[in-house]
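S.K.: pasting the sequence and the predicted model now:
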Protein chains: 2
Amino acid sequence: MLDRRHFLSTSAAGFAAALSLQRGLLSRTNLFAQLENFPPLPDRSLYDKNEEAYWAEMRKQFLIPEDEVYLNNGTVGSSPAPVLRAVFEGYETTEKMDQQDPEDYPIWGYAAWNEFRDPLAEFVGCTRDELALVRNATEANSYIANGLDMKPGDEVLMTDQEHPGGEHPWNLKAKRYGIVVKKVTLPRPVKDTAQVLNLFDDAIGPRTRVLFFSHITTFSGVVLPAKDLCALARTKGILSAVDGAHVTGMMRLNLHDLGCDMYSSSPHKWLQAPKGSGFIYVRDEVIDRVWNTIVTEGWDDPKIRAERFQRIGSSNVPALWGLRASLKLANDIGMDRIEKRHRALADYILAKMMKRGAESWTSPDAALRCAIVTVNVPGVPRMDLENRLWKSHKIRIRGGEPNKLRLSTPYYLRREDIDRFLAGFDEYRRTNGV
Amino acid sequence: MLDRRHFLSTSAAGFAAALSLQRGLLSRTNLFAQLENFPPLPDRSLYDKNEEAYWAEMRKQFLIPEDEVYLNNGTVGSSPAPVLRAVFEGYETTEKMDQQDPEDYPIWGYAAWNEFRDPLAEFVGCTRDELALVRNATEANSYIANGLDMKPGDEVLMTDQEHPGGEHPWNLKAKRYGIVVKKVTLPRPVKDTAQVLNLFDDAIGPRTRVLFFSHITTFSGVVLPAKDLCALARTKGILSAVDGAHVTGMMRLNLHDLGCDMYSSSPHKWLQAPKGSGFIYVRDEVIDRVWNTIVTEGWDDPKIRAERFQRIGSSNVPALWGLRASLKLANDIGMDRIEKRHRALADYILAKMMKRGAESWTSPDAALRCAIVTVNVPGVPRMDLENRLWKSHKIRIRGGEPNKLRLSTPYYLRREDIDRFLAGFDEYRRTNGV
């Protein structure tokens, strides 16, 4: 190395080359210094003094342009500066190919990844050995449906509000292996917990093997009584599998307390983790009953517990650095405060929309909703509204045919953002006479 | 936005806040400017003047420290500056949540991703509709094994040198569904093409349904006669599935010319693409015979062809930005030059090792090897050697028990790097009397 530099510096061309080499090395160490120019995280004491100011400061951690109102976090979140910084540090570190002992190749796969699973396990209330890091809830849902042995005629019971990534793995299993998909129809809105429990209890039959449902449905945002449903399944000797795509980072979550057998999630939504960093939880007692889906060395090793579900070969480890940073961020803010904020903003937007004659499709019971509000506004063509709000106002919402609007309220929204949406909505109706 | 700034600037605290906001915005646009400080790619004319100098310049695009010799590219490559820049641009762009029309949500999944599949299809010689972007060859291999309908007793025929991510998906299918895994034993080294063809021809039986083999084996680096093997399979009415984890970016590849039915690859190895950006190829005529593995909307839509295999929900799109950049880089350099360089370095290291009494396990036929050389050195304990080379010399190789060394020669190595390895190897033997 020194020899090489010495050699290079003996000629003019060599001097230029050495300089460029030097710059290259410098840029390697300062590669992501720019991200440090983001404002620091607001101090927690600001929260006590002025909660609204605290969240407004937090808003500055996001790359979403200042003048945009993003009410579509239910589709996908946006990773803020601390998370992106961690991703880039992950790249910077792993691409150097100099960080591990020779015995310890597999930093890109085949690993326990306890440095990422441990904080996640603590965050979601389970043991590390019950978690596998996968890409998202859809992948986790496929692992569940693929993994369980079921005979032709065996039934999975789900709601009519499942996400395509929750429902279709079972549809494939039905088409290929003859299992049967049955659905309960959730009321719009769901009135209370008892209503849901009765619906499921009535629908469970002698061939029901699996209860599969969304903890929070993507369709209406209703928070289903997951703990009660899992207990119901348990009493009937049925496995429970919960699609918690929306839950991690939106609400406090404790999987052991919830009592489910399996759980899927997409922290890229409400935890604002990088896209491509999800997880599957399988209760320890159930792990050995689940076949693997994507497999390599260790695919059927019972000793590594749920780790075997994350053994898929070399994959995107920097995204896991980002996941870890997003867990830290949520802990730094505090999940109590985040959940409280999520609920407050959602309650605010729901009340304002109902005043405007919208029909709530989520739930009148505040305990059965959190940061996704779904309203039906008869007469308002949702796609035209979406387009107009985006193109004229830089406001992003997401609806469903024909008149459904899904409004997501992540903690980093400011009340003024919601007011801007309401003003845009009012203007649209006025202008279009709907 | 302007109003807000005006408001903020009316007080001292506001002024500070505005300044911090301003810095935040600036850093958003200049976020990755540092990466621009890497030296520019060497001009192609330098190649004509001084090939060695050209590759030495190219070496500077990598984050691998100057004083490290990385001979383990066969495990995983290192993404150079242009690729990382693209990844970070991908994050910067997609995390803004402002880049698409409301009708066009799914930039994180559910998309055709033709902007990434098109250059890849051109690079590997197939149509975009025959490609799906997955994480790596292991995942693609599982899609193949999971996806094909086979009856108990149906056989897959493979070599004894498959990667765990190639072999185990079939082992799972054997254990769960009763198919049978049969293997041909490849000689060490493989002598010539005819030898391999005869081995397979002899092993094909009436229940053989699938021929599965590595285009380049991870064990010995031998380049198997894939085109001939696929033609053999075709004449027997057997499907051919090729694990090409090592091929993309190491050698020129034309899938239509190769004539396989299915192909898996991990461009994170020799194309130096980001970890987590692989692909599966399924010949158009075969697509409809393959069930999906991870599924959501579109899982069984025949119109979208192989795209249905990449529909897995929101995932890590910035990695695809990096994949595209790695394709561009390889095209800019030229795959002819890259392959020539790979072969030259491998031939060089092989000759030097054979002079030292090592036994080649790759092939004496230069056409049956490329950038992975595997040698057996009786008496040399490989793990101890690996450790010593790394700890004392920052030289990274990878072996196998008990005396196998696998030496990967990516284009960005300099001959002096290889000489440093040879000197380290000699020193180890001298010091340890082996």
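M.R.: Received, thanks.
S.K.: near chain B, which residues of the stretch 151-300 of chain A?
M.R.: A:163-165, A:168-169, A:171-172, A:175-176, A:266, A:268, A:274-276, A:291-297, A:299-300 (CB under 8 Å from any CB of the partner chain). C-beta coordinates here come from the backbone N, C-alpha and C atoms, glycine included.
S.K.: which among the residues you listed end up buried?
M.R.: A:163-165, A:168-169, A:171-172, A:266, A:268, A:274-276, A:292-297, A:299 (16 or more other CB atoms under 10 Å in any protein chain shown).
S.K.: which of the residues of the stretch 151-300 of chain A next to chain B fall in helices?
M.R.: Within those, residues falling in helices by DSSP state H are A:164, A:165, A:168, A:169, A:171, A:172, A:175, A:176.
S.K.: can I get those in a markdown table with pLDDT?
M.R.: Listed next are these as a markdown table, based on pLDDT from 0 to 100:
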| residue | pLDDT |
| --- | --- |
| A:164 | 97 |
| A:165 | 98 |
| A:168 | 98 |
| A:169 | 98 |
| A:171 | 98 |
| A:172 | 98 |
| A:175 | 98 |
| A:176 | 98 |
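S.K.: residue A:183: which of the residues you listed is nearest?
M.R.: residue A:171 (11.3 Å; CB to CB).
S.K.: for the spatially closest residue to that closest one that is not a sequence neighbour, give me its contacts.
M.R.: Closest residue to residue A:171 apart from its sequence neighbours, by CB to CB, 6 or more residues apart in numbering or on different chains: residue A:181 at 6.2 Å. For residue A:181, the contacting residues are A:155, A:156, A:158, A:167, A:170, A:171, A:174, by CB atoms under 8 Å, 6 or more residues apart in numbering or on different chains.
S.K.: count of neighbours near the fifth one?
M.R.: Yep, that's residue A:170 we're talking about. 27 (other CB atoms under 10 Å in any protein chain shown).
S.K.: isn't it right next to residue A:145, touching?
M.R.: Yes - with contact defined as CB atoms under 8 Å, residue A:170 reaches residue A:145; the gap is 5.1 Å.
S.K.: please enumerate the shared neighbours of these two.
M.R.: residue A:156.
S.K.: quick one: secondary structure of residue A:253?
M.R.: Secondary structure for residue A:253, judged by DSSP: H, G, I helix; E, B strand; the rest coil, is coil.
S.K.: check contacts around it.
M.R.: A:123, A:124, A:125, A:244, A:247 are the contacts of residue A:253 under CB under 8 Å, 6+ apart.
S.K.: before we move on, what about residue A:307?
M.R.: Counted by CB under 8 Å, 6+ apart, residue A:307 has contacts A:112, A:113, A:129, A:132, A:298.
S.K.: who wins for most neighbours among these?
M.R.: Counting neighbours by other CB under 10 Å, the top entry in these is residue A:132, with 26 neighbours.
S.K.: strand partners (parallel or antiparallel) of the helix or strand harbouring that residue?
M.R.: Secondary structure assigned from DSSP states H and E places residue A:132 in strand A:131-134. Strand pairing for strand A:131-134, using DSSP bridges, gives strand A:278-282 (antiparallel).
S.K.: which parts of the strand it pairs with are buried?
M.R.: By neighbour count on 16+ other CB under 10 Å, the buried set for strand A:278-282 is A:278, A:279, A:280, A:281, A:282.
S.K.: if I look at residue A:137, how far off is chain B?
M.R.: The spacing between residue A:137 and chain B, counted by CB to the nearest CB, to the nearest Å, is 7 Å.
S.K.: ignore the last one, residue A:252
M.R.: Going from residue A:252 to chain B by CB to the nearest CB gives 23 Å.
S.K.: list the contacts of that residue.
M.R.: By CB under 8 Å, 6+ apart, the residues touching residue A:252 are A:335, A:336, A:339.
S.K.: rewinding a little: out of the contacts of residue A:253, which are buried?
M.R.: Among the contacts of residue A:253, the ones that count as buried (16+ other CB under 10 Å) are A:123, A:124, A:244, A:247.
S.K.: from those, which is closest to residue A:257?
M.R.: Among the buried ones among the contacts of residue A:253, and counting by CB to CB, the member closest to residue A:257 is residue A:124, at 10.4 Å.
S.K.: what's the neighbour count on residue A:332?
M.R.: Residue neighbour count, defined by other CB under 10 Å, stands at 10 for residue A:332.
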